[in-house]
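S.K.: Any chance you could fold what I've pasted below:
(chains A and B)
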Protein chains: 2
Amino acid sequence: MIKEWRKIEEAGVTAPLGFRAAATRCGLKTAGMDLAWIVCDGEANVAGVFTTNLVQASCVRRNKKLVPSGNIRAVLVNAGNANACNGDQGDEDNETMASLAAQCLNIPSDQELTASTGVIGKWLPVERIEKGVMELMPKLARGVQTDAEVARAIMTTDTRPKLIAYSCRSDSWEGELVLGGVCKGSGMIAPNMATMLCFLTTDAVIDPSLLQKALRSAIAKTFNRVTVDTDTSTNDTCLALASGRGTAMISEGRESYADYAEALERICLYLAKEIARDGEGATKLVEVCVRNANKEEDAERIAKTVAESPLVKTALFGNDPNWGRILAAAGRSGVIFNVDDTDILLGEIPVCVKGRSVPFDEKAANRYLMGKEVQITINPHNGETQASVWTCDYSYDYIKINAEYHT
Amino acid sequence: MIKEWRKIEEAGVTAPLGFRAAATRCGLKTAGMDLAWIVCDGEANVAGVFTTNLVQASCVRRNKKLVPSGNIRAVLVNAGNANACNGDQGDEDNETMASLAAQCLNIPSDQELTASTGVIGKWLPVERIEKGVMELMPKLARGVQTDAEVARAIMTTDTRPKLIAYSCRSDSWEGELVLGGVCKGSGMIAPNMATMLCFLTTDAVIDPSLLQKALRSAIAKTFNRVTVDTDTSTNDTCLALASGRGTAMISEGRESYADYAEALERICLYLAKEIARDGEGATKLVEVCVRNANKEEDAERIAKTVAESPLVKTALFGNDPNWGRILAAAGRSGVIFNVDDTDILLGEIPVCVKGRSVPFDEKAANRYLMGKEVQITINPHNGETQASVWTCDYSYDYIKINAEYHT
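M.R.: Modelled structure (predicted):
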């Protein structure tokens, strides 16, 4: 059991021992830093989960061949160019990006991973990346300033950086285990896949296959339960890096694994919710929670269908307690439940009981929906499982960001 | 084979012999006519296809028990109130609505169908319907003015009426066969189900089960291939009424059936495209056509995923030839195809060849996208079938209509 769970203020990927990082501007975005490098002092055990889109960027295809792995040394990340749909030239450019970084560290290029995010179908300007890597080399460091810069450098339409670090104690391991994380994501975000870019670090001692198992399990209940707009990117990448420099030993089938998996899930949940909160044009974070469902899979499917519904999302933007749209979305989810047993609550306010209208204080409901965090609960009363999906509202700014974002 | 296909200008549901109709305002919408009645002079053969949503309005549940049928006399339709999620009271109110209309016609109430559209979860004001029916009775008539009024009376967020009528000649029947139709639909429109309200009339002689077969088949390729916002209504209803007053006899397994089915599909396709064109906030009609696919089912699935993508739809509003979003949406459709063989065209302009960027005239592409009708073609080059799905763009007005539409 986790007995201490302490936030390390402002820290991110370099909080755990064994990691350094740096960020710089190389000129891929119109402004701001756009190149980041996370480097492990020794060989790290690394797990990865990637987009399930049939269209995959060069970096995704390359990384999938290299992880899980016991000897990764670094990840070079650029924002502003996805290097996707660029054919053989794209693969070559990505390989060049990896080998430029590997040369600086004097390691084989298959110990260097890459990640890209940005516009699809534009050539990657490799010479800018090369110049950028040269600048990064002497800047590699640990600390909150570095972590903040890394978080900013991987952003695209994100309006704020997303990073976190915690120290965690448990009777199942010695001393403290540190976890750090950073992610980006705001549009082209859909559940049921590894979404967005995310880099998770830890000082724990854990072998690659066990790390892979923990990562898959954490993602299933966190990043895969976030949706901004139902669109899945070609570049989605989530990597977990373990330096093994700490004192916590994680073993399969032991309590240490259960505790580590829980800690990793907490970190992922925080970052996943940050993505939904910062969804393109979002004015609020919305949790759609299905309780007392027959199966967790059914609960998740209902919650996702409601969370993806444009009519529910626009009603939330309008602060309108329009439960008819919520029930209608649940009804088209493909899950069989008894509509006449189903309740819907906005926060603590029941707005639909047994599938029909009940009198409620519409002003109070409207005020509740004006908050920055809103919870919708759907209760079909046919079982004992539950699942939540996180999303945001659809606003004028979603249209603005995506109609005025030109290729 | 159809040898003459002549549009009857401005006409709609009363164009075929044997039908009269009327429309009035009874006070369910904030303004305008909101009650329409389509009445057959004798017993009509009627087929129906309804929403697949688990949440179904009272009228849908009642109609499903009554059709296909050989003795329907009328359909009473209201807009402004869906009478959905109102429990037993809703069912009673709907039954009252039917029996009020039936009494006027001096027929048993199970020969009277009903259809409702509007807000979910509000009681139906039956006394207003009663008053409205009394006003309708003496107004029952045939002609283009009646047809136009019916089309307006069933509208909700629609910005224009949607009606059509054609006269059709074929060697497979005597004389002319007349088809009329009217529909409404603008939001909560999703494919793969019977969508929206639609009433189709004909003077042909065709038995109910054959009419049902023709209707299902026409809908599969028309209304079920339209999407505005992926949301499916609780009230979707499409009814086909055949008066049998004309000279065309339609027989199963004969050419007359093939010709009638084709004529019905043409009518449905016109009305389906009108719905997409008038999608909430739409500035253009968009056809997503997948050609040279392996299976029609695959072609339809890819086309739907692209047509539903908020990122594709916002790019279309911005007149941006962002083919990366189109390919990324196709890639998450669940269909397996070779990305490296896939071409994308905007109108006649190739923007992606073999899965990657090609130089194209961006100004010409931008100009093309500014048109009122846009075609996106996706060609995976792995077969010989094709399918189209119709949609519209996502604009600020979609958000405005749906965030400011309060319950």
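
S.K.: Tell me how many other residues crowd the closest residue to A:A151 other than its chain neighbours.
M.R.: The shortest distance from A:A151 to any non-neighbouring residue, by Cβ to Cβ, 6 or more residues apart in numbering or on different chains, is to A:P161 (3.4 Å). No exception for glycine: its C-beta is placed from N, CA and C like everyone else's. Using other Cβ atoms under 10 Å in any protein chain shown, A:P161 has 20 neighbouring residues.

S.K.: Longest helix in chain A, please.
M.R.: Longest helix of chain A, by residue count under DSSP state H: helix A:255-277.

S.K.: From the chain's centroid, how far away is that helix?
M.R.: For helix A:255-277, the separation from the chain centroid amounts to 10 Å (computed by Cα atoms, centre = their mean, to the nearest Å).

S.K.: right, and the residue nearest to A:A151 touches A:A148 too?
M.R.: Yes. Applying Cβ atoms under 8 Å, one finds A:P161 in contact with A:A148, separated by 6.3 Å.

S.K.: measure the residue of the stretch 201-350 of chain A with the smallest separation from chain B to A:S233 for me?
M.R.: Here the stretch 201-350 of chain A gets closest to chain B at one residue, A:G324, 2.7 Å apart by Cβ to the nearest Cβ. From A:G324 across to A:S233, the span is 32 Å (Cβ to Cβ, to the nearest Å).

S.K.: same deal with A:G143?
M.R.: Distance check for A:G143 against A:S233: by Cβ to Cβ, it reads 30 Å.

S.K.: ok, the two, which is more surrounded?
M.R.: In this view A:G143 and A:S233 are compared by other Cβ under 10 Å, and A:S233 has more residues nearby, 30 against 15.

S.K.: In a helix, the more buried one, correct?
M.R.: No. Secondary structure of A:S233 (DSSP: H, G, I helix; E, B strand; the rest coil): coil, not part of a helix.

S.K.: And it, how far from B:A329?
M.R.: For A:S233, the distance to B:A329 - Cβ to Cβ - is 11 Å.

S.K.: contacting residues around A:L66?
M.R.: A:L66 makes contact with A:I72, A:D110, A:L113 under the criterion Cβ atoms under 8 Å, 6 or more residues apart in numbering or on different chains.

S.K.: what residues does the stretch 251-400 of chain A put near chain B?
M.R.: The stretch 251-400 of chain A has residues A:308-311, A:314-315, A:317-318, A:320-325, A:327-333, A:335-337, A:339-340, A:352, A:354-357, A:394-396, A:398-400 near chain B, with proximity defined as Cβ under 8 Å from any Cβ of the partner chain.

S.K.: from these, which would you call buried?
M.R.: Buried residues within these, counting neighbours by 16 or more other Cβ atoms under 10 Å in any protein chain shown: A:308-311, A:314-315, A:317-318, A:320-325, A:327-333, A:335, A:337, A:339, A:352, A:355-357, A:394-396, A:398-400.

S.K.: Sitting in helices, which of those do you find?
M.R.: Among those, the members falling in helices are A:308, A:310-311, A:314-315, A:317, A:323-325, A:327-331, A:396, A:398-400 (criterion: DSSP H).

S.K.: does the closest residue to A:A258 other than its chain neighbours count as helix, strand or coil?
M.R.: Once flanking residues are discounted, A:A258 sits nearest to A:S172: 7.7 Å by Cβ to Cβ, 6+ apart. Put simply, A:S172 is coil when judged by three-state DSSP.

S.K.: Could I get the buried residue list for stretch A:295-311?
M.R.: With burial defined by 16+ other Cβ under 10 Å, the residues of stretch A:295-311 counted as buried are A:298-311.

S.K.: Ok, stretch A:248-257 next?
M.R.: Neighbour counts using 16+ other Cβ under 10 Å place A:A248, A:M249, A:I250, A:S256, A:Y257 of stretch A:248-257 among the buried residues.

S.K.: Determine the longest strand present in chain A.
M.R.: strand A:35-50 (DSSP state E).

S.K.: Partner strands of that strand, with direction?
M.R.: Here strand A:35-50 is paired, per DSSP bridges, with strand A:19-24 (antiparallel), strand A:69-81 (antiparallel), strand A:237-242 (antiparallel).

S.K.: how near is A:S116 to chain B?
M.R.: 13 Å (Cβ to the nearest Cβ, to the nearest Å).

S.K.: That residue: which element?
M.R.: Element membership of A:S116, judged by DSSP states H and E, is strand A:112-119.

S.K.: any idea of the angle that strand forms with strand A:69-81?
M.R.: 20 degrees (axes from the mean of the first three to the mean of the last three Cα atoms, to 10 degrees).

S.K.: okay, strand A:112-119 in PDB with CA atoms only?
M.R.: C-alpha atoms of strand A:112-119 as PDB (Å, rounded to 0.1, in the frame of the first residue of the first chain):
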ATOM      1  CA  GLU A 112      18.100   7.200 -29.100                       C
ATOM      2  CA  LEU A 113      14.400   7.400 -29.500                       C
ATOM      3  CA  THR A 114      12.500  10.300 -31.300                       C
ATOM      4  CA  ALA A 115       9.100  11.900 -31.100                       C
ATOM      5  CA  SER A 116       7.500  14.500 -33.300                       C
ATOM      6  CA  THR A 117       4.300  16.500 -33.200                       C
ATOM      7  CA  GLY A 118       2.800  19.200 -35.400                       C
ATOM      8  CA  VAL A 119       1.700  19.500 -39.000                       C
END
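
S.K.: and the next element down the chain from that strand?
M.R.: Downstream of strand A:112-119, the first helix or strand assigned by DSSP H and E is helix A:126-136.

S.K.: List the residues that contact the closest residue to chain B within the stretch 1-150 of chain A.
M.R.: Shortest the stretch 1-150 of chain A-to-chain B distance, computed as Cβ to the nearest Cβ: residue-wise this is A:I120, at 2.7 Å. Counting by Cβ under 8 Å, 6+ apart, A:I120 touches A:A82, A:A84, A:C85, A:T234, B:G324, B:R325, B:L327, B:A328.

S.K.: Neighbours of A:E274, how many?
M.R.: A:E274 has 22 neighbours, counted by other Cβ under 10 Å.

S.K.: Adding mean pLDDT, mean neighbour count and distance to A:A364, write the strands paired with strand A:35-50 out as JSON lines.
M.R.: Supplementary listing: those in JSON lines, determined by pLDDT from 0 to 100; neighbours: other Cβ atoms under 10 Å in any protein chain shown; distance: least, Cβ to Cβ, whole Å:
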{"stretch": "strand A:19-24", "mean pLDDT": "97", "mean neighbour count": "24", "distance to A:A364": "46"}
{"stretch": "strand A:69-81", "mean pLDDT": "94", "mean neighbour count": "24", "distance to A:A364": "42"}
{"stretch": "strand A:237-242", "mean pLDDT": "90", "mean neighbour count": "28", "distance to A:A364": "40"}
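
S.K.: I'd like the ones you listed as JSON lines, with distance to A:A220 appended.
M.R.: Converted to JSON lines, the strands paired with strand A:35-50 look like this (distance: least, Cβ to Cβ, whole Å):
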{"stretch": "strand A:19-24", "distance to A:A220": "26"}
{"stretch": "strand A:69-81", "distance to A:A220": "22"}
{"stretch": "strand A:237-242", "distance to A:A220": "12"}
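
S.K.: Quick one: closest of those strands to B:Q375.
M.R.: Smallest distance to B:Q375 across the strands paired with strand A:35-50 (Cβ to Cβ): 29.2 Å, for strand A:69-81.

S.K.: any idea of the angle the following helix or strand past that closest one forms with strand A:35-50?
M.R.: Downstream of strand A:69-81, the next assigned helix or strand under DSSP H and E is helix A:87-105. Orientation note: helix A:87-105 sits at an angle of 120 degrees relative to strand A:35-50 (the same axes, to 10 degrees).
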